[in-house]
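> below is the sequence, then the predicted model.
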Amino acid sequence: MDILKMNSSFYEVVNDYEEITRQYAAKTGDDINRNPILSVRDFALEELQYSVSIVIPAWNSAKSLRYTLNSLAYCGLLRRFPDKTEVILVDDGSDDDIQQALLEKNNYPYKIKYIRQYHMGRAQAINMAIYHSVSDIIVFCDADLIVTPYAIDELIKRQQMFLHEAIFFGFREDVMESDLSLKIEDCLDNFVIDFEKDNRFLTDFPGLWGTNMMLETDCIRGMTCKKNVYVTNNIKGIYDCWELYRMPYGFLFSVSRENILKVGGFAEYLKGWGFDDTEFCAKCVLRGIKLIPVPSSFVGHIYHPIREKTQWIDGAKNQQRMEERLRTLNFSNYIVEELCSRIEIQKTYIPKTFCRYSKPQWYSFRCVQEGYYYHYVLGNIEKAMDILLQKGIQYLSNKEMECLCDLTLRLYRKDIWALIIDHDSQCINSFYYKLCMFVFNGKTSMSDWNDKYTEVAHKLGVDELQKRAECYFNEEQWYLALRDYFGAYLLSGDNPELLQKCKICSEQMPHNS
C-alpha cells in the first residue's frame with residue numbers, strides 16, 4: 001500500500017519516551033519494558049493512586065465473555081482495590097440475552113456496570129462506556145480474552161506514574177477454546193507466556209531473524225510517523241506497513257480519561273470492524289501522548305470464527321476513511337450526552353462480598369525459558385549475545401548461530417565475527433553469515449544459501465524484497481534496508497545496482513556514521 005501522506009506536523013512527532021523510562025527506573029528500580037519476568041515477580045502494584053474502569057465492548061460474544069469475566073475475578077487490581085475499580089460491560093445489541101444472563105447467574109467479585117445499547121458498532125459501545133465512567137484511568141479489554149492476574153496491574157503500575165503522558169499497551173497470543181478448561185484456575189495455571197506468538201514480536205515469517213517489530217523499533221522508542229516496519233503476508237505476498245500509531249491494539253491498553261476526552265473518544269464515522277483503535281492512537285500521538293509497550297501485560301486471546309462476514313472488507317474501507325480523516329486533521333467529539341438515547345438496559349451489579357486480599361496470590365508469570373531468545377525478542381541484544389557466547393560458539397545450533405550473526409551485525413562486533421569464522425562450517429551457507437561476510441570483509445558469495453530466509457526470499461522474489469528495501473532506504477533505516485537489498489541481490493544472481501545499494505546502506509549504518 002502507499003505510504004500515508006499526511007500533514008507535515010504528523011511526521012514531526014517523535015515517540016521519545018526516554019525521560020519516562022529514566023524516571024520509572026529511578027522510582028522502581030525496574031526497566032519499563034525490557035524484562036517482563038522481573039517486572040511481575042519483583043515490582044508488584046503496591047498501591048492504587050487513581051480510580052480505574054475496565055471497559056469491555058461485546059457483541060454476540062457470550063461464549064468467550066464467560067472466560068474473560070471469570071479471569072477478571074483473579075485480577076490483582078480488582079481484588080485488592082475494590083473501592084477504586086469497576087468493570088463496564090457494554091452489550092452492543094447482541095442477538096440474544098446471554099451476556100446479561102451471565103451477570104444474573106454469577107456473582108462476580110467486582111463491581112459491574114452493564115449497559116445494553118442498540119446495535120451500532122464497537123466504537124459506539126466504547127464511547128458509551130467512557131461516558132458512564134467517572135474513573136481517572138480507562139483500561140480497554142476485549143470480550144474474548146483470558147486476562148492473566150498481573151496483566152492489568154502491569155499497565156496501571158506504569159499509567160498511574162505517568163497519568164497523562166502516555167498510553168500503555170499489552171500483548172497477546174491466540175489460544176483455542178478446545179484447549180481450555182472450564183475451570184478458570186486451570187486456564188491461568190497452565191498459561192505459558194510466549195512473546196513470539198504476538199505478531200508485533202514476530203512480524204513476517206516464523207523462524208526468520210530480524211522480523212521483530214519491537215526489536216527493530218527499539219520498543220517503538222524514538223519511532224516517528226515517518227519510519228515504519230514493512231511486513232509481507234507469507235502466503236499471498238501482500239505488502240503492508242505498520243506505522244507508529246498501529247502498534248497498540250484496542251484489546252488491551254490503558255489511558256487517562258482526561259486524554260480520551262481531549263481527543264473526543266473513538267471514531268464513530270468508522271463502520272463495522274477495524275481501525276477505531278488505530279485512529280484513536282493517531283489522535284493521541286498528534287497531542288504528544290507517548291505510546292509505550294508493556295510485554296509483562298500479556299493475555300490469552302480466545303480464537304473464534306469471524307463474527308462479521310464483511311470484517312476484512314469493512315477493515316479496508318475503515319482504513320481508507322481513517323487515512324482521509326488524518327490528512328485533514330478534522331476530528332469530532334463523540335463523548336456527548338446524546339449517547340444516552342441509545343440505551344436499552346442499564347444496571348449495576350454489586351458483589352455480595354469483595355474477597356479482598358493484601359498480597360496477590362496469583363502472581364505467577366510462567367514464561368518461555370529466560371534464555372538468549374527471550375532477551376533477543378525483547379531487544380536486550382547485548383544480554384542475548386552474552387548468553388550465546390557463554391554457551392560456546394562451537395556448541396551453538398544452526399538457529400543460534402544465525403542469531404549470533406544477526407547480533408554481531410547489529411552491535412558491529414568485529415571481534416565476535418572473527419570467532420565465528422573459526423567455527424563457520426555449520427552456518428557458512430546461511431543468509432546472515434553471508435551478510436556478515438559482506439559487511440565485515442567486503443566479500444560476496446553467490447553459492448547456495450540454505451536457511452529459513454532462503455525459503456521465504458524465494459517465495460517473495462527480487463521485486464518484493466527490493467520494494468521493501470527502498471522504503472527502508474528512503475526512511476534511513478539502514479540495517480533493515482541493507483538486509484532486504486542483500487536478499488534481493490543474492491536472488492538476482494549478482495545485480496550490480498543492488499550491490500551498490502548494499503554498499504551505501506553499510507556505509508550509512510551507525511558504526512560508519
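Ah, there it is. Numbering: from 1, shown residues only.
> wasn't G265 part of a helix?
No - if the criterion is DSSP: H, G, I helix; E, B strand; the rest coil, then G265 is coil and not within a helix.
> how far away is it from N15?
22 Å (C-beta to C-beta, to the nearest Å). In short, each C-beta sits where N, CA and C put it, glycine included.
> could you do L202 as well?
21 Å.
> what sits up against whichever strand or helix holds Q23?
Following DSSP states H and E, one finds Q23 within helix 18-28. Contact with helix 18-28 is made by 30-32, 43, 158, 161-162, 165-166, 221-222, 290, 292, as judged by C-beta atoms under 8 Å, 6 or more residues apart in numbering.
> next helix or strand past that helix?
According to DSSP H and E, the helix or strand after helix 18-28 is helix 36-42.
> and the helix or strand following that following helix, what does it pack against?
Per DSSP H and E, the first helix or strand lying C-terminal to helix 36-42 is strand 52-58. Under the contact definition 3 or more C-beta pairs under 8 Å, 6 or more residues apart in numbering; DSSP states H and E, strand 52-58 sits against helix 62-72, strand 85-92, helix 122-131, strand 137-141, helix 151-159.
> make TSV out of those and add distance to G442.
Listed next are the helices and strands packed on strand 52-58 as TSV, based on distance: least, C-beta to C-beta, whole Å:
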stretch	distance to G442
helix 62-72	55
strand 85-92	60
helix 122-131	54
strand 137-141	51
helix 151-159	45
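> which stretch among the ones you listed comes nearest L261?
Closest of the helices and strands packed on strand 52-58 to L261 is helix 122-131, at 7.9 Å (criterion: C-beta to C-beta).
> which helices and strands does that closest one pack with?
Partner elements for helix 122-131 (3+ C-beta pairs under 8 Å, 6+ apart): strand 52-58, strand 85-92, strand 112-117, strand 137-141, helix 257-263, helix 276-286.
> lowest average pLDDT across these?
Lowest mean pLDDT within these: helix 276-286, at a mean of 92.
> ok, and what's touching it?
Outside helix 276-286, the residues touching it (C-beta under 8 Å, 6+ apart) are 9-10, 13, 15, 122-123, 126, 140, 167, 225, 244-250, 253, 255, 259, 263-267, 270, 291, 318-319, 322, 325-326, 329, 331.
> out of the helices and strands packed on helix 122-131, which comes closest to L465?
helix 276-286 (26.7 Å).
> sorry, back to before: buried among the contacts of helix 276-286? Make that a ChimeraX selection.
The command below creates a ChimeraX selection of those among those that count as buried (16 or more other C-beta atoms under 10 Å):
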select :10,13,15,122,123,126,140,167,225,244,245,246,247,248,249,250,253,255,259,263,264,265,266,267,270,291,318,319,322,325,326,331
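> filter the contacts of helix 276-286 down to just the ones in strands.
N15, F140, I167, F253, V255, L291 (DSSP state E).
> and of those residues, the nearest to F440?
Of the ones in strands among the contacts of helix 276-286, the one sitting nearest to F440 (C-beta to C-beta) turns out to be N15, at 32.2 Å.
> which residue is the nearest non-sequential neighbour of that closest one?
Closest residue to N15 apart from its sequence neighbours, by C-beta to C-beta, 6 or more residues apart in numbering: M223 at 4.9 Å.
> what is the burial count for that neighbour?
The local packing of M223 (other C-beta atoms under 10 Å) involves 24 other residues.
> for K290, see how far away it is.
Taking C-beta to C-beta, one finds M223 at 10 Å from K290.
> before we move on, what about M437?
M437 is 40 Å from K290, by C-beta to C-beta.
> in JSON lines: the helices and strands packed on helix 122-131, plus distance to D448.
Shown next, in JSON lines, are these (distance: least, C-beta to C-beta, whole Å):
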{"stretch": "strand 52-58", "distance to D448": "52"}
{"stretch": "strand 85-92", "distance to D448": "55"}
{"stretch": "strand 112-117", "distance to D448": "61"}
{"stretch": "strand 137-141", "distance to D448": "49"}
{"stretch": "helix 257-263", "distance to D448": "54"}
{"stretch": "helix 276-286", "distance to D448": "42"}
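> just for the chain, where's the confidence low?
1-10, 203-211, 231-240, 305-308, 353-364, 424-426, 450-452, 511-513 (pLDDT under 70).
> show me how it divides into domains.
8-30+50-348, 372-512 (automatic domain parsing).
> tell me how far the shortest one is from the chain's mean position?
Think domain 372-512. 25 Å (C-alpha atoms, centre = their mean, to the nearest Å).
> do the first one as well
Between the mean C-alpha point of domain 8-30+50-348 and the mean C-alpha point of its chain there is a distance of 10 Å (C-alpha atoms, centre = their mean).
> tell me how many other residues surround R34.
For R34, using other C-beta under 10 Å, the count is 18.
> how about V462?
18.
> sec struct for D83, please.
helix.
> so Y150 touches G76, yeah?
Yes - look at Y150 against G76 with C-beta atoms under 8 Å: they come within range, at 6.3 Å.
> the more surrounded of those two?
Y150 (27 against 23).
> follow-up on the earlier one: farthest pair within the contacts of helix 18-28?
F43 and G222 (24.3 Å).
> which one's more surrounded, those two?
Using other C-beta under 10 Å as the criterion, F43 and G222 rank with F43 on top: 17 against 13.
> any idea how far E177 is from the nearest residue to D144 once chain neighbours are set aside?
For D144, ignoring the flanking residues on the chain, the nearest one in space by C-beta to C-beta, 6+ apart is S64 at 3.9 Å. Per C-beta to C-beta, S64 is found 7 Å from E177.
> those two: who's more crowded?
S64 (20 against 12).
> was I right to think the more buried one contacts A143?
Yes - counting by C-beta under 8 Å, A143 is a contact partner of S64 at 6.2 Å.
> partner strands of the helix or strand containing F298, with direction?
Element membership for F298 (DSSP H and E) is strand 290-303. Under the criterion DSSP bridges, strand 290-303 sits next to strand 145-146 (antiparallel), strand 166-176 (parallel) in its sheet.
> show me what the shortest one is in contact with.
Looking back up the chat, that one is strand 145-146. Under C-beta under 8 Å, 6+ apart, the answer for strand 145-146 is 64, 67-68, 71, 172, 175, 180, 184, 187-188, 191, 251-252, 299-302.
> G121 versus the residue nearest to Y269 when sequence neighbours are not counted, what's the distance?
Distances taken as C-beta to C-beta, 6+ apart place R321 nearest to Y269, at 6.4 Å, with adjacent residues excluded. Separation of R321 from G121 (C-beta to C-beta) stands at 13 Å.
> show me whatever sits in contact with both of the two.
Common contacts of R321 and G121, defined by C-beta under 8 Å, 6+ apart, comprise L270.
> out of those two, which sits in the more crowded spot?
Per other C-beta under 10 Å, whichever of R321 and G121 has more neighbours is G121, with 22 against 16.
> how about the more buried one, what does it touch?
D92, E268, L270, K271, G272.
> just the buried ones from those residues?
Using 16+ other C-beta under 10 Å, the buried members of those are D92, E268, L270, G272.
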